[in-house]
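Asker: no sequence for this one, just the structure:
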């Protein structure tokens, strides 16, 4: 371990030399109460910034054990520290001058969701704290400006660290509120299964967002108000009793006129698989954390997926029990998305009529009379929705604005009017009975296991012997893995571009270490999830340093990413 004084002396020696001399600064330096590690130095001032990490022992950081022992409170604490450290760093960013990215201090910028990130990690046993960031090492042209880097490392950075990463200097009341909120949110999640609920939306929640490009709550928005017939009371450990709408397991239909809040409610439920920060408006919107948004996805890649539950007897004779295509239609893509989500372990489908393939969702009576059933290869979702719940235990929450066919299938019907919900199940069922003969007695459907396809991936010899596979993120829309672009824009529950980057590293790890021709896709996805849960996201990164821009995705998104890798060749195992 080198001393901070050694770094100062080194900077004096290399001042005004060519930029590559900055490489000599790599290493760890003791800065009093913390260790500064320069993990990677950029090649020139116009390249990606240098990677730096801060390491503080648990004893010196001083955060209480009740904040770090449980995973959900530890993640919430790390999230709060990133946000605080980021605000401090932002005040100093670009205060040191120079060419290109000189003077940049870049820290992860979390959104409204609380996610486990590589930017801040806390050891649950020791309390040791690691914070990762990027710094643009200053230069004039391509000549080192060591004086400006000294300003960053010896003035700006110590100030940020002292103000934000030690419990003694923290806003203790705020951190306690963060911990309590995380405990309350976890309690609701545990209560969902106990009370047989698919989701919970608290009274007073603010669901509309500020704009299409901002996920912050809309100002002066209508607050959520629970229909009396669906009211549930939760006795939270810290906040106490709160009331809200409990959406039971089963089939729930959300209806209403255009622009009355149907899709807004569904979007809040989609993101309810994650915890949210205080002030977001959706802090107490909690959804079964296995929920998957299902939609049509024209053009996606599908590999060896059994979609015969929905599609059979294609005119071209294509096998739908091991369906493969590089250019799926709306109906085949939505069928594959349902089946793959089942394999990923979902207990809840979230579906919006607007983003679904019409011929996959319904087939009305007139069309059935004109185009005979034996000529139609698609068994619509409406004919399977009860089976999915009764046999597989998978609930459905469906938004419908123009199709009334699902009135006959729904267990609960919620109408949105000017962003306020009301339960209209009884009234809607009566109208349905008047409109068509309505079978009051549902058939008994036997229980069944979700599908499991033994899709095997051959060993990737090129990847296994290479340490030069590059990962490039494209926001939340896609990730490039060694020039193989995986389209993820329609995997709508990815909340952060850092999750997309993490998926890229996971696929790279799988290609290098897990694809052996014996492990199938499900085993691979579960191994990746277990590895990250036990050892952190760094376990899938083989480089000399851990990137500071990764956030842990759910296993459902790991499945979704692997299923969309066009560069992987899958075969059906026995």
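Answerer: Good, I have the coordinates. All values derive from a computational prediction rather than experimental measurement.

Asker: show me the contacts for residue 57.
Answerer: With contact set as CB atoms under 8 Å, 6 or more residues apart in numbering, residue 57 has these partners: 126-129. From N, CA and C alone the C-beta is placed, and that goes for glycine too.

Asker: cool, and residue 38?
Answerer: 25-29, 50-52.

Asker: separation between the residue nearest to the spatial centre of the chain and residue 557?
Answerer: In the chain, the centroid-proximal residue (CA atoms, centre = their mean) is residue 494; its distance is 3.8 Å. Distance of residue 494 to residue 557, given as CB to CB, to the nearest Å: 6 Å.

Asker: Next: residue 405.
Answerer: Counting by CB to CB, the gap from residue 405 to residue 557 is 31 Å.

Asker: Please apply the same query to residue 236.
Answerer: Per CB to CB, residue 236 is found 28 Å from residue 557.

Asker: Looking at those two, which one has more neighbours?
Answerer: residue 557 (23 against 18; other CB atoms under 10 Å).

Asker: I'd like to know how far residue 183 sits from residue 535.
Answerer: 25 Å.

Asker: what residues are up against residue 435?
Answerer: Contacts of residue 435 by CB under 8 Å, 6+ apart are residue 404.

Asker: In three-state terms, label the residue nearest to the centre of the chain for me.
Answerer: coil (DSSP: H, G, I helix; E, B strand; the rest coil).

Asker: Is the nearest residue to it once chain neighbours are set aside bridged to anything, and to what?
Answerer: Counting by CB to CB, 6 or more residues apart in numbering, residue 494 lies nearest to residue 476, which is 5.1 Å off, once chain neighbours are set aside. Counting by DSSP bridges, residue 476 forms beta bridges with residue 474.

Asker: Might you report the residue contacts of residue 476?
Answerer: Residue 476 neighbours (CB under 8 Å, 6+ apart): 488-489, 494, 496-497, 499-500.

Asker: Let's see that with 10 Å instead.
Answerer: 488-489, 491-492, 494-500 (CB atoms under 10 Å, 6 or more residues apart in numbering).

Asker: per-residue pLDDT, residue 428?
Answerer: Residue 428 is assigned a predicted lDDT (pLDDT) of 89.

Asker: typed the wrong thing, it's residue 213
Answerer: For residue 213, pLDDT reads 87.

Asker: quick revisit: please say which of residue 183 and residue 535 ends up with more neighbours.
Answerer: Neighbour count, other CB under 10 Å: between residue 183 and residue 535, residue 183 has more, with 18 against 10.

Asker: measure the more buried one to residue 286 for me?
Answerer: Separation of residue 183 from residue 286 (CB to CB): 13 Å.

Asker: And for residue 201?
Answerer: Applying CB to CB to residue 201 and residue 286 gives a distance of 8 Å.

Asker: Identify the contacts common to those two.
Answerer: 244, 269, 272.

Asker: nearest residue to the first one other than its sequence neighbours?
Answerer: Right, residue 244. Nearest non-adjacent residue to residue 244, counting by CB to CB, 6+ apart: residue 202, 3.8 Å away.

Asker: now the last one
Answerer: By the measure of CB to CB, 6+ apart, the closest residue to residue 272 outside its immediate chain neighbours is residue 287, 3.3 Å from it.

Asker: try residue 7
Answerer: residue 29 (4.8 Å).

Asker: Look at residue 364 and say how many residues are nearby.
Answerer: Residues within reach of residue 364, counting by other CB under 10 Å, total 13.

Asker: and the gap between it and residue 352?
Answerer: From residue 364 across to residue 352, the span is 19 Å (CB to CB).

Asker: Check residue 121 too.
Answerer: The value you get for residue 121 to residue 352, if CB to CB is used, is 36 Å.

Asker: what does residue 549 give?
Answerer: Distance from residue 549 to residue 352, by CB to CB: 30 Å.

Asker: so how many other residues sit close to residue 401?
Answerer: Per other CB under 10 Å, the neighbour tally for residue 401 reads 17.

Asker: Touching, it and residue 266? I think so.
Answerer: No: using CB atoms under 10 Å as the test, residue 401 is too far from residue 266 to be in contact (11.4 Å).

Asker: Could you list the low-pLDDT ranges of the stretch 401-550 of the chain?
Answerer: For the stretch 401-550 of the chain, applying pLDDT under 70 flags the ranges 436-444, 461-467.

Asker: Swap in 50 and give it another go.
Answerer: 438-439 (pLDDT under 50).

Asker: mind listing the helices for it?
Answerer: Along the stretch 401-550 of the chain, counting by DSSP state H, counting those that start in this stretch, helices occupy 425-435, 461-464, 497-509, 521-535.

Asker: Show me what the third one is packed up against.
Answerer: With contacts defined as 3 or more CB pairs under 10 Å, 6 or more residues apart in numbering; DSSP states H and E, the packing partners of helix 497-509 are helix 461-464, strand 471-474, strand 478-481, strand 484-487, helix 521-535, helix 555-563.

Asker: Please identify which of the ones you listed is closest to residue 172.
Answerer: Comparison of these against residue 172 by CB to CB identifies helix 521-535 as nearest, at 29.4 Å.

Asker: quick one: that closest one to helix 497-509, angle?
Answerer: 120 degrees (axes from the mean of the first three to the mean of the last three CA atoms, to 10 degrees).

Asker: hmm, back to that, out of the helices of the stretch 401-550 of the chain, which gets nearest to residue 544?
Answerer: Nearest to residue 544 among these is helix 497-509; the distance by CB to CB comes to 14.2 Å.

Asker: That closest one relative to helix 555-563, how many degrees between them?
Answerer: Using the same axes, to 10 degrees: helix 497-509 against helix 555-563 is 60 degrees.

Asker: quick one on the thing from earlier: can I get the helices of the stretch 401-550 of the chain in CSV including distance to residue 344?
Answerer: Shown next, in CSV, are these (distance: least, CB to CB, whole Å):
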stretch, distance to residue 344
helix 425-435, 30
helix 461-464, 24
helix 497-509, 14
helix 521-535, 7
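
Asker: Buried deepest among those helices, which one?
Answerer: Mean neighbours per residue, mean count of other CB atoms under 10 Å, is largest over these for helix 497-509, with a mean of 26.

Asker: Look up the closest residue to residue 216, ignoring the ones flanking it.
Answerer: Excluding the flanking residues, the one nearest residue 216 by CB to CB, 6+ apart is residue 210, at 4.6 Å.

Asker: That neighbour belongs to a helix?
Answerer: No: counting by three-state DSSP, residue 210 falls outside a helix, being strand.

Asker: Quick one: residues contacting it.
Answerer: 216-219, 221.

Asker: how about low-confidence regions in the chain?
Answerer: Using pLDDT under 50, the chain drops low at 438-439.
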